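[1] Coordinates for the following, if possible.
(chains A and B)
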There are 2 protein chains.
Amino acid sequence: MCGTCNVDTAGSAAAPAATNSTVESASTNNGAYPARGQPKSSPYQSVQDYISNVNSFKIIESTLREGEQFANAFFDTATKIKIARALDDFGCDYIELTSPVSSPQSYEDCKKICQLGLKAKILTHVRCNMEDAKRAVECGVDGVDLVIGTSSFLREYSHGKSLEIIQKTALEVIEYVKSAGVEVRFSSEDSFRSDLVDILALYKAVDKAGVNRVGVADTVGGATPRMVYDLVRTLRGVVSCDIETHFHDDCGCAVANAHSALEAGATHIDTSVLGIGERNGITPLGALMARMVVTAPEYVIQKYNLKSLKALEELVADAVQINIPFNNPVTGFCAFTHKAGIHAKAILANPSTYEIIDPSLFGLTRYVSINSRITGWNAVKSRVEQLGLKMTDEQVKEVTAKIKKMADIRPLAIDDTDSIIRSYHLDL
Amino acid sequence: MCGTCNVDTAGSAAAPAATNSTVESASTNNGAYPARGQPKSSPYQSVQDYISNVNSFKIIESTLREGEQFANAFFDTATKIKIARALDDFGCDYIELTSPVSSPQSYEDCKKICQLGLKAKILTHVRCNMEDAKRAVECGVDGVDLVIGTSSFLREYSHGKSLEIIQKTALEVIEYVKSAGVEVRFSSEDSFRSDLVDILALYKAVDKAGVNRVGVADTVGGATPRMVYDLVRTLRGVVSCDIETHFHDDCGCAVANAHSALEAGATHIDTSVLGIGERNGITPLGALMARMVVTAPEYVIQKYNLKSLKALEELVADAVQINIPFNNPVTGFCAFTHKAGIHAKAILANPSTYEIIDPSLFGLTRYVSINSRITGWNAVKSRVEQLGLKMTDEQVKEVTAKIKKMADIRPLAIDDTDSIIRSYHLDL
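    Here you go, the predicted model:
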């Protein structure tokens, strides 16, 4: 937790009783928007997306692969095991590990994690060549994720291979991995800057060769939701295998791109805890949960252990020595703090007015702040009642004016506001 | 800057000479994707969006209104003025201020900022009633932003007004503001949970009454890019005035939603610095710049003072006592740090391989880290040359193995890696 942002959301002095409206409306929310209530007419209620997988997606959790590419990451064996177990407890479908070819310890750790007996399937992510694939299979993984750059940039400046060579090698490596009885995925890298015809031809060939999944990767983080929808939708008509997607967050669109991919028929989303990875990282697990619990509440609530999200994020944040961002969805210190008077009034009457996510789903509580010049008398009235004081509405309005006046001069804490209220009450 | 994350990107020991490929390709990138190079065939190159405003959007900067609703925000007059000047220098089209009705100081500050003579137009955001509108006009603002909740939630639990009353009041207030020679916007609140027919009828009426803009607000942060596209696209066919959009970030989609809104014909995007606002905030100015400099480089580079983004973010972060998130687009401490060997090799040959944004546009530099077990010999070779040492490729590969072995045991800093290289060179 950020040292300067030590607001205690758990303290939640002004939190009204939590409602369970999200849970109640879950069963009727078929991937459309308004969880927590239905408007009279809305175009989003009638969308019938037969190819959408928002209600059946799977997570490939890559904190121990993509996350190891984060600038601050150094995971020793014990830390890797702790994180792997926490991801497994959370309900992740797959856990992806750094290539065993990277270093001797990476090889040993991969073997060790395969032997933990987790419910999640263990994958490792290797370059698309026979030598790397053999080392991966040796480790006892459940699946091998093959990757190769297909954009003209990567073909020219990275590996220097033609598409013919890429395809020939891919088919050999895929055959080998399958013959070993192990799952196999084939992914292009930098898919959105690759020639569309080239990658469709390549995916079609590997699909025919029997891969379990093909992967689409926005390696540089420049894709937009509509681009993602278009490419995945096109690909969905070309291959019959599963479609995995991987989004970097350089332009802040990694969560929305993942959602669009699922709408277009993708089946798997790559995540890491807090999004850690190369540069500023990929789709964060927690933010994706925030997105999907609104889109597909029933599926997400029954499948993932949402109440353990905060502890999982704290585990990884400690391991890589970062603070949880102040604006992190769900677990940011003020994600459920309400401040403006107009918001606070409505939240006190019905939390769904200004909350799309019920914090109790994540084991968290809301907090209504009244310590500012933008507060309102309805919020102050609620605090007056919590303090066990009796005042008329006119009196509450008068003390609210006093709070606003003081808040114009200096920042107030809840203690200050309580003192103003108590002192006013004493004078009555 | 985060105390634990003190990596010095400015130090940039291994940074190759910056290239200007984004700038070069800018003129050919008509809102489609691949800035920095064109693939041979791509569906994104042929999209002709005649309603898209990605190349002509305007920013309504709301750090001094939405941002004041952030849990940690307390802005005194001097701070408000400093932030307003910085936003003006950055090139924001509009600066939105807290309602002058909120408190006596809010009223005084609003008047004072209107008198600064900034290039940006000054707006204030008030409830849709005559009394609030009059106070706003008194302050000398260039525009008044009217807002009222239109969802069934807000009508029931917040203001309790029917749509007939809302429309009648809106038309009176609009007429008054226009008669005072001031710009006027009318916005619904919680637009995506409002009845579609209701809000279209309302927008049509206020458009006919001559508002400058109508506003669409995802007040609870639950909208998806496709929902945004659909609603704004529909609205674009109903009103002839400008369309402003406002996205909360509860589900991590605020940047992508803004982009989708522009594609669908919206003209204005609400932002705040670092996204500060109610709960976890709204579309962050910096992340939106990252998104739009990729989509519309020419427009963004000539219009906004990108090199001042970092200082602007630091100013606001200090004022509200938060750390810049580790994963912030562009200015996060590792947004341009490359670590995996396969990435580093290609980046050294051509930065466009793994970077969609040229850091020099923001006055920043990239950093290639070689201090980990996932580094590669090409990256190490580059460091060897920077140190002025001579080695064969075989020798570089050997010292790379030594670095990986040491990095398996403990975290390495650049000094450690340099020592390993120098000691190996001495032994030769």
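[2] There's contact between A:Tyr299 and A:Asn53 in this structure, I believe.
    No. The pair A:Tyr299 / A:Asn53 is not scored as a contact, 9.9 Å apart, by CB atoms under 8 Å. Yep, even glycine has a C-beta here, placed from its N, CA and C like the rest.
[3] In terms of neighbours, single out the busier of those two.
    Ranked by neighbour count (other CB atoms under 10 Å in any protein chain shown), A:Tyr299 and A:Asn53 place A:Asn53 first, with 23 against 19.
[4] can you tell me the helix or strand for the closest residue to that one other than its chain neighbours?
    Nearest residue to A:Asn53, sequence neighbours excluded (CB to CB, 6 or more residues apart in numbering or on different chains): A:Leu262, at 4.9 Å. For A:Leu262, the element it lies in under DSSP states H and E is helix A:254-263.
[5] ok, now A:His125?
    Under the assignment here (DSSP H and E), A:His125 is part of strand A:121-127.
[6] Next: A:Ile95.
    Residue-wise, A:Ile95 maps onto strand A:94-97 under DSSP H and E.
[7] which residues does the closest residue to chain B within the stretch 151-300 of chain A contact?
    Minimum separation of the stretch 151-300 of chain A from chain B (CB to the nearest CB) falls at A:Ala256, amounting to 3.1 Å. Neighbouring residues of A:Ala256 by CB atoms under 8 Å, 6 or more residues apart in numbering or on different chains: A:225, A:291, B:224-225, B:252-253, B:255-257.
[8] Any stretches of the stretch 101-250 of chain A with poor pLDDT?
    Flagging of the stretch 101-250 of chain A using pLDDT under 70 yields an empty set of residue ranges.
[9] Contact residues of it facing chain B?
    A:102-106, A:127, A:149, A:151-154, A:156-158, A:190, A:192-198, A:219-227, A:229-231, A:234, A:249-250 (CB under 8 Å from any CB of the partner chain).
[10] What subset of those is buried?
    Among these, those classed as buried by 16 or more other CB atoms under 10 Å in any protein chain shown are A:102-103, A:105-106, A:127, A:149, A:151-154, A:157-158, A:190, A:192-196, A:198, A:219-227, A:229-231, A:249-250.
[11] Make JSON lines from the contacts of A:Ala256 and add distance to B:Thr375 to it.
    Conversion of those to JSON lines gives the following (distance: CB to CB, whole Å):
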{"residue": "A:Pro225", "distance to B:Thr375": "34"}
{"residue": "A:Arg291", "distance to B:Thr375": "34"}
{"residue": "B:Thr224", "distance to B:Thr375": "39"}
{"residue": "B:Pro225", "distance to B:Thr375": "37"}
{"residue": "B:Gly252", "distance to B:Thr375": "31"}
{"residue": "B:Cys253", "distance to B:Thr375": "35"}
{"residue": "B:Val255", "distance to B:Thr375": "31"}
{"residue": "B:Ala256", "distance to B:Thr375": "33"}
{"residue": "B:Asn257", "distance to B:Thr375": "38"}
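[12] Tell me the one of those nearest B:Thr271?
    Nearest to B:Thr271 among the contacts of A:Ala256, counting by CB to CB, is B:Val255 at 9.5 Å.
[13] Go ahead and confirm that closest one touches A:Asp249.
    No. Look at B:Val255 against A:Asp249 with CB under 8 Å: they stay out of range, at 9.5 Å.
[14] list the contacts for A:Phe336?
    A:Phe336 neighbours (CB under 8 Å, 6+ apart): A:9, A:355, A:359, A:364-367, B:279.
[15] List only buried entries from those residues.
    Buried among the contacts of A:Phe336 (16+ other CB under 10 Å): A:9, A:355, A:359, A:364, A:366-367, B:279.
[16] among those residues, which two are most distant?
    Across the buried ones among the contacts of A:Phe336 (CB to CB), the longest gap, 13.3 Å, separates A:Thr9 and A:Glu355.
[17] Need the residues touching each of these two.
    With CB under 8 Å, 6+ apart, A:Thr9 and A:Glu355 have common neighbours A:336, A:366.
[18] Kindly provide the distance from A:Ala344 to chain B.
    In this view, A:Ala344 and chain B are 10 Å apart by CB to the nearest CB, to the nearest Å.
[19] Let me fix that, I meant to ask about A:Ile83.
    Going from A:Ile83 to chain B by CB to the nearest CB gives 16 Å.
[20] check which helix or strand covers that residue.
    In this assignment (DSSP H and E), A:Ile83 forms part of helix A:77-90.
[21] Give me the buried stretch members for that helix, please.
    Buried residues in helix A:77-90, counted by 16+ other CB under 10 Å: A:79-81, A:83-88, A:90.
[22] got it, and stretch A:298-312?
    So, applying 16+ other CB under 10 Å, buried residues of stretch A:298-312: A:298-301, A:303-304, A:306, A:308-310, A:312.
[23] Sitting in strands, which of the residues of the stretch 101-250 of chain A next to chain B do you find?
    A:127, A:149 (DSSP state E).
[24] ok, the residue nearest to A:Asn53 - how many residues close by?
    A total of 31 residues lie near A:Leu262 under the criterion other CB under 10 Å.
[25] and it, what is it in contact with?
    A:52-54, A:57, A:269.
[26] tell me the contacts of A:Ala266?
    Residues in contact with A:Ala266 (CB under 8 Å, 6+ apart) are A:53, A:57, A:216, A:232, A:236, A:243-245.
[27] go again using 6 Å as the cut-off
    The contact partners of A:Ala266, taken as CB atoms under 6 Å, 6 or more residues apart in numbering or on different chains, are A:232, A:243, A:245.
[28] Surely the last one is in a helix?
    No. With the criterion set as DSSP: H, G, I helix; E, B strand; the rest coil, the secondary structure at A:Thr245 is strand rather than a helix.
[29] Give me the nearest residue to it, chain neighbours excluded.
    Nearest non-adjacent residue to A:Thr245 (CB to CB, 6+ apart): A:Ala261, at 4.2 Å.
[30] Let me know how buried the one you found is, in neighbour terms.
    Around A:Ala261 there are 31 residues (other CB under 10 Å).
[31] In this structure it contacts A:Val228, no?
    Yes. Judged on CB atoms under 6 Å, A:Ala261 makes contact with A:Val228 at a distance of 5.2 Å.
[32] what's the spacing between A:Leu274 and B:Gly221?
    Using CB to CB, to the nearest Å, one obtains 19 Å as the distance from A:Leu274 to B:Gly221.
[33] Going along the chain, name the strands of the stretch 301-428 of chain A.
    Using DSSP state E, counting those that start in this stretch, the strands found in the stretch 301-428 of chain A span residues A:337-338, A:367-368.
[34] Now distance to chain B and mean pLDDT too, for the ones you listed, in a markdown table please.
    Below are these laid out as a markdown table (distance: least, CB to the nearest CB, whole Å; pLDDT from 0 to 100):
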| stretch | distance to chain B | mean pLDDT |
| --- | --- | --- |
| strand A:337-338 | 4 | 88 |
| strand A:367-368 | 8 | 86 |
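[35] Looking at the ones you listed, spot the one closest to B:Leu118.
    strand A:337-338 (30.7 Å).
[36] what residues does the closest one touch?
    With contacts defined as CB under 6 Å, 6+ apart, strand A:337-338 is touched by A:344, A:347, A:367-369, B:71.
[37] ok, which pair from these is furthest apart?
    So, the contacts of strand A:337-338 by CB to CB: farthest apart are A:Ile347 and B:Ala71, at 13.9 Å.
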